[in-house]
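Colleague: Give the three-dimensional model of this entry:
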Amino acid sequence: MHEVDILIIGGGPAGLAAGVAAWEAGCKSVLILERENALGGILKQCIHNGFGLAMFGEELTGPEYAQRYINKVESLNIPYQLDTMVLDITPERVVTAVSSKNGLMQYQAKSVVLAMGCRERPRGALGLPGSRPSGIYSAGTAQRFINLEGFLPGKKVVILGSGDIGLIMARRMVYEGCEVKACVELLPYSSGLKRNIVQCLDDYEIPLLLSHTVVNIEGKERLESVTIAKVDENRRIISGTEQVITCDTLLLSVGLIPENELSELAGVALSSVTAGPVVDQFLQTNVAGIFAAGNVLHVHDLVDFVSQEAEQAGQSAVRYLQGTGRNCGKAIPVEGGFGVSGCVPQCVRPEQLDEAVRIMFRPKNVFPNAAVLVDVDGETIYRKKHLILAPGEIVTVDVKAEALAGHTPERITVRLEV
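Modeller: Numbers count the residues shown, from 1 in each chain. Alright, predicted model coming up:
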């Protein structure tokens with residue numbers, strides 16, 4: 001049994017930022033466990049630019065962004081272990097892991113930061129009808145094939161879903177000489193960032209078919225075509241709108257799922273909306289000493305926000321070790337009102353308020369000229385107008401501590417006013 005003050009599970013952007021923040025906050029007993037053979041997480045295969053504007057004030061590629069944090073980890077001599085798979089976490093923060101180099105290991109941690117990231121939703125979760133030929137990939141898998149392994153998944157491509165990875169892969173496939181026939185989205189709006197729609201679809205004249213979905217897949221050994229159709233406002237197929245698109249590749253960009261199997265083993269309560277842990281303003285879960293940050297907590301749109309959140313988690317873990325950030329005081333629920341989905345944190349402890357509370361959420365639809373309001377037991381303490389709010393972009397609300405001072409609330413509600 002090895003003892004460590006702060007154990008971080010995951011060596012991607014969240015884990016690296018949490019480790020650096022904890023170390024710089026004064027904790028010199030930190031260990032990062034990473035299941036792959038290199039640090040950096042998903043950023044290793046994200047060779048496009050657009051990262052780092054918020055954190056570093058300049059535009060970087062994914063590998064460049066990751067390397068900034070890897071360099072920090074190595075310059076500070078923060079210990080990490082690669083090729084290490086975590087198998088179990090107990091509520092008492094006993095972590096069991098295995099690696100080919102060290103075999104089976106156990107760690108008794110005083111604090112744990114969950115930073116396992118997320119995974120893509122597969123075809124099996126969609127219930128797509130049709131045959132099961134080769135040529136159907138998640139967008140992230142195709143990205144790895146091209147950018148890291150040097151394989152081209154196909155040449156005539158249809159993309160189902162308009163998540164950011166799918167949009168970026170539409171452009172990437174064009175760069176490789178492929179023909180991208182269409183990006184097909186079930187919803188009446190895209191779930192990706194506006195800049196990716198413009199830069200990855202519009203600039204290359206790739207059609208974005210909203211309120212459409214794939215209704216059949218044809219092909220025996222290899223994908224030969226897909227049939228798409230329009231859907232109504234209840235997402236039911238409109239008969240007579242079917243059209244067949246000849247293709248040899250179907251990329252799925254239909255959502256990301258936080259990796260929380262380990263969280264459940266530790267007894268961490270999960271949100272039915274975000275599919276990530278329920279946390280307070282310190283990013284601490286219901287299990288004392290266990291914190292969560294990044295895409296394991298809720299799916300982010302920008303990695304810069306992942307890093308900012310993870311830094312807070314690392315600092316909160318240090319505060320917990322110092323005895324000033326423990327689960328005490330009444331937890332006031334933070335709820336989403338009209339137009340608001342997936343508030344994080346899900347609760348606030350007013351007795352421990354010493355700085356602004358950052359609340360993040362996604363709008364449920366596209367809302368032009370809308371205002372974001374925060375109510376405490378019906379009294380509005382925050383209001384900000386926005387030109388447009390869309391599900392593809394996370395909204396951040398910073399509520400000052402003094403705005404909550406003097407309140408003994410039963411409920412905090414975040415809502416939109418249109």
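Colleague: Might you report the residue contacts of the closest residue to residue 290 other than its chain neighbours?
Modeller: Ranked by CB to CB, 6 or more residues apart in numbering and with sequence neighbours excluded, the top spatial neighbour of residue 290 is residue 112, at 4.8 Å. Where C-beta positions appear, they are placed from N, C-alpha and C, glycine not excepted. Residue 112 makes contact with 6, 7, 8, 9, 89, 93, 95, 266, 289, 290, 291, 317 under the criterion CB atoms under 8 Å, 6 or more residues apart in numbering.
Colleague: Using neighbour counts, trim those residues to the buried set.
Modeller: The neighbour count (16 or more other CB atoms under 10 Å) marks 6, 7, 8, 9, 89, 93, 95, 266, 289, 290, 291, 317 as buried among those.
Colleague: thinking again about what came up before, list just the nearest of the contacts of residue 112 to residue 126.
Modeller: residue 9 (28.8 Å; CB to CB).
Colleague: Please report how far the closest one lies from residue 156.
Modeller: 40 Å (CB to CB, to the nearest Å).
Colleague: quick check: domain ranges of this protein?
Modeller: 1-120+256-327, 122-254, 329-418 (automatic domain parsing).
Colleague: Turn those into JSON lines, columns for mean pLDDT.
Modeller: Output for the domains of the chain, formatted as JSON lines (pLDDT from 0 to 100):
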{"stretch": "domain 1-120+256-327", "mean pLDDT": "96"}
{"stretch": "domain 122-254", "mean pLDDT": "95"}
{"stretch": "domain 329-418", "mean pLDDT": "90"}
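Colleague: residues touching the nearest residue to residue 403 once chain neighbours are set aside, list them.
Modeller: Excluding the flanking residues, the one nearest residue 403 by CB to CB, 6+ apart is residue 381, at 4.6 Å. Contact partners of residue 381, counting by CB under 8 Å, 6+ apart, are 374, 375, 399, 403, 404.
Colleague: do the same with residue 315
Modeller: By CB under 8 Å, 6+ apart, the residues touching residue 315 are 21, 22, 25.
Colleague: tell me which element the spatially most central residue of the chain falls in.
Modeller: Taking CA atoms, centre = their mean as the criterion, residue 299 is the residue nearest the geometric centre of the chain, at 2.3 Å. Element membership of residue 299, judged by DSSP states H and E, is empty: it is in no helix or strand.
Colleague: Could I get the CA-only coordinates of the longest helix that the chain contains as CSV?
Modeller: As assigned by DSSP state H, the longest helix anywhere in the chain is helix 303-321. Provided in CSV are the C-alpha atoms of helix 303-321 (Å, rounded to 0.1, in the frame of the first residue of the first chain):
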residue,chain,number,x,y,z
VAL,A,303,-10.2,22.8,-23.4
ASP,A,304,-9.3,26.1,-21.9
PHE,A,305,-12.3,25.8,-19.6
VAL,A,306,-11.3,22.3,-18.8
SER,A,307,-7.9,23.6,-17.6
GLN,A,308,-9.4,26.4,-15.6
GLU,A,309,-11.9,24.0,-13.9
ALA,A,310,-9.1,21.4,-13.2
GLU,A,311,-6.9,24.1,-11.6
GLN,A,312,-9.7,24.9,-9.2
ALA,A,313,-10.1,21.1,-8.4
GLY,A,314,-6.4,20.8,-7.7
GLN,A,315,-6.5,23.9,-5.4
SER,A,316,-9.6,22.6,-3.7
ALA,A,317,-7.9,19.3,-3.0
VAL,A,318,-5.1,21.1,-1.3
ARG,A,319,-7.6,23.1,0.8
TYR,A,320,-9.2,19.8,1.8
LEU,A,321,-5.9,18.5,3.1
